[in-house]
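J.: Sequence and predicted model, in that order:
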Amino acid sequence: MSEKSVSSKRPGPAQQRRVIEQAAIELMASKGTAAVSVSEICQAAGISRDTYYRCFEDKEALIGHLYQHAVNDHIEAVLSGWDVDYSDRAWLHRVFDQTIDAILQRHKVAQFLYREASDPNSTAYEIVQRAYGQVVDRMQRWCQDTHGKKPSREYLQALLMATQWLVQDAIQRGLDPVDVRKAKTAAEQLFYAAFAGLPDEVD
């Protein structure tokens with residue numbers, strides 16, 4: 001087989017799926033899943049409809065795949081490995097530096113996730129709420145073990161939502177390094193203030 005024929009070999013199904021996923025996330029992050037058609041995805045990905053349907057049965061199959069892989073993997077990368085010590089300022093600094101960097105490395109996935117999760121009836125909303133619920137459980141256990149009391153779930157959920165807003169704001173501002181640093185600092189300050197002086201209200 002000649003070098004020319006090797007270099008012109010058609011991409012395999014796995015690579016085609018990745019190209020479709022990337023194009024879909026880009027479109028859906030700005031327009032939402034409902035407003036994006038298969039034709040638009042094909043055009044953005046530079047593929048034919050036949051190629052699309054070899055990779056995904058329909059648009060819903062693609063969306064399901066994105067939720068299962070892109071979104072779940074994103075949530076796992078962001079929220080896993082939090083061996084908690086919320087009273088340690090150096091630990092908080094390290095966690096928010098690494099966590100926000102992990103989000104911003106895949107900021108289009110984050111935009112897609114945030115947009116979809118704004119609809120309480122969406123699958124993304126359920127995924128985010130479940131993931132945040134796991135983190136809240138972890139935070140409450142730490143508070144109970146460390147201080148003998150724990151803030152309400154609503155209080156801790158508000159901390160997570162505020163951090164989400166800070167990250168989203170940095171993305172919308174174009175990922176300027178100054179804005180990213182401000183988001184990290186604000187998130188760190190929020191959590192340190194919250195856990196340095198726990199509120200009187202408990203569950």
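T.: Nice, thanks for sending it over.
J.: pLDDT wise, what is residue 149 at?
T.: The model reports residue 149 with a pLDDT of 86.
J.: That one: how many residues sit nearby?
T.: 14 (other CB atoms under 10 Å). Quick note: C-beta positions are derived from backbone N, CA and C, even for glycine.
J.: Give me the secondary structure label for it.
T.: coil (DSSP: H, G, I helix; E, B strand; the rest coil).
J.: Distance check, it against residue 195.
T.: Residue 149 sits 12 Å away from residue 195, going by CB to CB, to the nearest Å.
J.: anything in contact with each of these two?
T.: residue 143 (CB atoms under 8 Å, 6 or more residues apart in numbering).
J.: Contacts only, for the closest residue in space to residue 112 that isn't next to it in sequence.
T.: Leaving out its chain neighbours, the residue that sits closest to residue 112 by CB to CB, 6 or more residues apart in numbering is residue 29, at 4.2 Å. Contact analysis of residue 29 by CB under 8 Å, 6+ apart lists 108-109, 111-112, 115.
J.: Can you read off the pLDDT for residue 182?
T.: pLDDT at residue 182 comes out at 95.
J.: Now it: which helix or strand?
T.: Take DSSP states H and E as the rule and residue 182 turns out to sit in helix 177-196.
J.: Please apply the same query to residue 127.
T.: Residue 127 belongs to helix 123-147, assigned by DSSP H and E.
J.: Helix 177-196 and that helix, what's the angle between them?
T.: 50 degrees (axes from the mean of the first three to the mean of the last three CA atoms, to 10 degrees).
J.: Could you name the helices and strands sitting against the very next helix or strand once past helix 123-147?
T.: As assigned by DSSP H and E, the chain's next helix or strand after helix 123-147 is helix 153-172. Packing partners of helix 153-172 (3 or more CB pairs under 8 Å, 6 or more residues apart in numbering; DSSP states H and E): helix 89-105, helix 107-117, helix 123-147, helix 177-196.
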